[in-house]
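> model the structure of this input:
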Amino acid sequence: MRFKFVSTVAALVTAMSMTAPAAHAEQFINILTGGTSGVYYPLGVAIGKIYGDKIPGVRAQVQATKASVENLNLIEQGRGELAFTLGDSLKAAVEGDEEAGFKKKLTKLRTIAAIYPNYIQIVATADSGIKTLADLKGRTLSVGAPKSGTELNSRAILKAAGMSYKDLKQVQYLPFAESVDLMKNRQLDATLQSAGLGVASLKDLSSSTEINVVAVPKATVEKIGPPFVSVIIPANTYTGQKSDVETAAVVNYLVTNSDVSDDVAYQMTKQIFENLPELANAHAAGKGIKLETAATGSPAALHPGAIRYYKEKGILK
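Alright, predicted model coming up:
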C-alpha cells in the first residue's frame, strides 16, 4: 500500500514538473523606441503597459535606442518584437541603402501599423538670428544621432535646400535633449528634430530660451518627394511661436519580424487600436494614430497577423 502511494505521488510530481513550464511560459515582447527625450519612448512605454495588462502571458520590455536605423537592424536580427521607425528609413532598409546604414536589404521586416507623422522641426535660438534655411550656412547645427532617422531627414532637407553639411560651420550628432542643453548654454545655434508635435525637448527649450522655428517651404518639400509631405506646425505649439510654420513630415511605422507568430502580431496590432486613449495620454502625438490609415503606405509588407486584424475591422478586404 505504501509503495502504491509513493508511486502515485511520484507520478503527480513528474506530471506537474512537465506541465509547469507550459503553464508559466511567457511571450517576451521587446519594444525598440528612441531616446528618452523623444516621442517614441513615452509611446513605447505606454504600449508596453498595454501589452502587459491586456495580453495574457506577455512580458513587455521597453528599450531606448538611437531610433529608426538601429531599430530596423535589431528587428532584422530578431533582437526585438516591435520597433518604431520613420518611413524613409524603412524604405532605405527594404532597399538595402548602405549610405543610410543598411549593408544589405532587410528582408524580415513586416509592418504592424502606420502611426503618426513625424514633423521635421528646425529650431534656432533667437540670438543666432537664424530665420530661414539659408541662414543655417556657416552656423552650428545638431542633426541627431549618426545614421538615425532624424539624421537622414537632415541630409534630405539640406539637399533640397541646395546645401550640405559642408555649408555648415559645425555639425553635431546629438540626441534631442543634449542638443537643447547646448542651445541653452549658447554653444549651438540650431537643432533639427524629427518628432511628433510638442516633443518634450523643444518644449523644454522654448520655455527657457527665446526661439525661432525655421520654415521648410512647400517648394523645398516637393523637391524631396514621397514619403515627405508638406505640413504646418501650428502657432503656439511651442512657447513664443506666434505663427504657423511650414515644414515637412514623414509617417512613422511600427514594424516587427516575419518570425513573430501571427497570433502575437495580431494581438500587438489589436491592443494598440483598442487602447488609443492610453497612447494619446502618453504623448500628444498619440492623437495622430488612426485606424483608418494604419494599413496604408508602408514600404514593407504587412505582417499576416496585422492583416487579420485589419480585415476584422473592415480596413482591408
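> list the buried ones in stretch 112-123?
112-123 (16 or more other C-beta atoms under 10 Å). Using the backbone N, CA and C atoms, a C-beta is placed for each residue, glycine as well.
> go on, stretch 130-140?
Using 16+ other C-beta under 10 Å as the test for burial, stretch 130-140 gives 130, 133, 135-136, 139-140.
> and if you look at stretch 62-77?
Across stretch 62-77, burial judged by 16+ other C-beta under 10 Å covers 62-76.
> please apply the same query to stretch 248-263.
Buried residues in stretch 248-263, counted by 16+ other C-beta under 10 Å: 248-258, 260.
> now swap in stretch 279-299 and tell me
For stretch 279-299, a neighbour-count test (16+ other C-beta under 10 Å) marks 279-280, 282-289, 291, 293-295, 298-299 as buried.
> where do the strands of the stretch 201-317 of the chain begin and end?
Using DSSP state E, counting those that start in this stretch, the strands of the stretch 201-317 of the chain run over residues 211-214, 228-233, 245-257.
> thought S206 was touching Y238?
Yes: using C-beta atoms under 8 Å, S206 is in contact with Y238, at 3.9 Å.
> what is in contact with these two at once?
The contact sets of S206 and Y238 overlap at V123 (C-beta atoms under 8 Å, 6 or more residues apart in numbering).
> which one of those two is surrounded by more residues?
Counted by other C-beta atoms under 10 Å, S206 and Y238 do not tie: Y238 has more neighbours, with 21 against 18.
> what about the residue nearest the centre of the chain, is that helix, strand or coil?
The centroid of the chain falls nearest to F84 when counting by C-alpha atoms, centre = their mean (3.4 Å). Here F84 is recorded as strand under DSSP: H, G, I helix; E, B strand; the rest coil.
> and it, how far is that from K91?
Going from F84 to K91 by C-beta to C-beta, to the nearest Å gives 15 Å.
> now do V214
25 Å.
> compare the two (neighbour count), which wins?
V214 (23 against 18).
> and the pLDDT for the more buried one?
Looking at V214, its pLDDT is 98.
> which residues touch it?
V214 makes contacts with 122-124, 130-133, 135-136, 190, 245, as judged by C-beta under 8 Å, 6+ apart.
> kindly report the same for D259.
Per C-beta under 8 Å, 6+ apart, neighbours of D259: 78, 108.
> got the end-to-end distance for stretch 91-109?
Stretch 91-109 has its terminal residues 11 Å apart, counting by C-alpha to C-alpha, to the nearest Å.
> tell me how far it lies from the chain's centre.
Relative to its parent chain, stretch 91-109 has a centroid offset of 17 Å by C-alpha atoms, centre = their mean, to the nearest Å.
> great, nothing more from me.
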